[in-house]
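Engineer: Coordinates only, no sequence provided:
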């Protein structure tokens, strides 16, 4: 027998969370909401993992809505405002993030439209570049094609339109005439 056969492994089985009755589930939901904000569908999915009975999840969600602890519209509005102001993200990224948080499409679109109604995408892109990519402005006009391509990807990932991103990069490029126009953006499908 080799040395490795003498090793003993202390492997514990993963503990499964105890299933919660209706009142305990409500208290757990309030604790979750105390840690961070949730939309109703996202919180419901979290509660389903802990509920002893599936019907308790719907009862808990309804109770939280009745007392004002859970409001998808308010959540979507605050989330969109935070992502736009604090993170500097564009319209499409914020909308995508809201959908990932299981906010219903109409509520998410309404919140994003409200938050972005008075915002200029050009100003947002300029602020994003200043905050997240200051090296692009540091040395004057940008000559490196790879730096421009990297900036393009970052702007698109941040949720800015192709045309807005392209216009900003042309203003930064030493030879803007070499930057090609992208193909038309497909319309986003309604969800």
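Structural biologist: Perfect, thanks for sending it. Keep in mind that this is a model prediction, so the values were computed, not measured. Numbers count the residues shown, from 1 in each chain.
Engineer: Run through the protein and note the low-pLDDT ranges.
Structural biologist: Along the chain, the model assigns pLDDT under 70 to residues 1-14, 139, 176-191.
Engineer: For the spatially most central residue of the chain, list the residues it contacts.
Structural biologist: Nearest to the geometric centre of the chain sits residue 97, at 2.9 Å (CA atoms, centre = their mean). Neighbouring residues of residue 97 by CB atoms under 8 Å, 6 or more residues apart in numbering: 79, 83, 89. All C-beta atoms are positioned from the backbone trio N, CA, C, and that covers glycine.
Engineer: Which strand or helix spans the first one?
Structural biologist: Right, the one you point to is residue 79. Assigned by DSSP states H and E, residue 79 belongs to helix 72-85.
Engineer: contacting residues around that helix?
Structural biologist: Counting by CB under 8 Å, 6+ apart, 37-40, 89, 93-94, 97-98, 101, 103-104, 107-108, 110-112, 114-116, 119, 124 sit against helix 72-85.
Engineer: Domains in this structure, by residue range?
Structural biologist: 22-66, 72-116, 121-178 (automatic domain parsing).
Engineer: Looking at these, which is nearest to residue 15?
Structural biologist: For the domains of the chain, the distance to residue 15 is smallest for domain 22-66, at 13.1 Å, taking CB to CB.
Engineer: what about the closest one, distance to the chain center?
Structural biologist: 21 Å (CA atoms, centre = their mean, to the nearest Å).
Engineer: swap in stretch 145-160?
Structural biologist: The answer for stretch 145-160 is 18 Å, by CA atoms, centre = their mean.
Engineer: Name the residues of that stretch that are buried.
Structural biologist: Under the neighbour-count criterion of 16 or more other CB atoms under 10 Å, stretch 145-160 has 147, 148, 151, 152, 154, 155, 156, 158, 159, 160 buried.
Engineer: Are we agreed that the residue nearest to the centre of the chain is in a helix?
Structural biologist: Yes - in this structure, residue 97 lies within a helix as judged by DSSP: H, G, I helix; E, B strand; the rest coil.
Engineer: distance of it from residue 77?
Structural biologist: Remark: distance between residue 97 and residue 77 (CB to CB, to the nearest Å) = 13 Å.
Engineer: With residue 27 instead?
Structural biologist: 27 Å.
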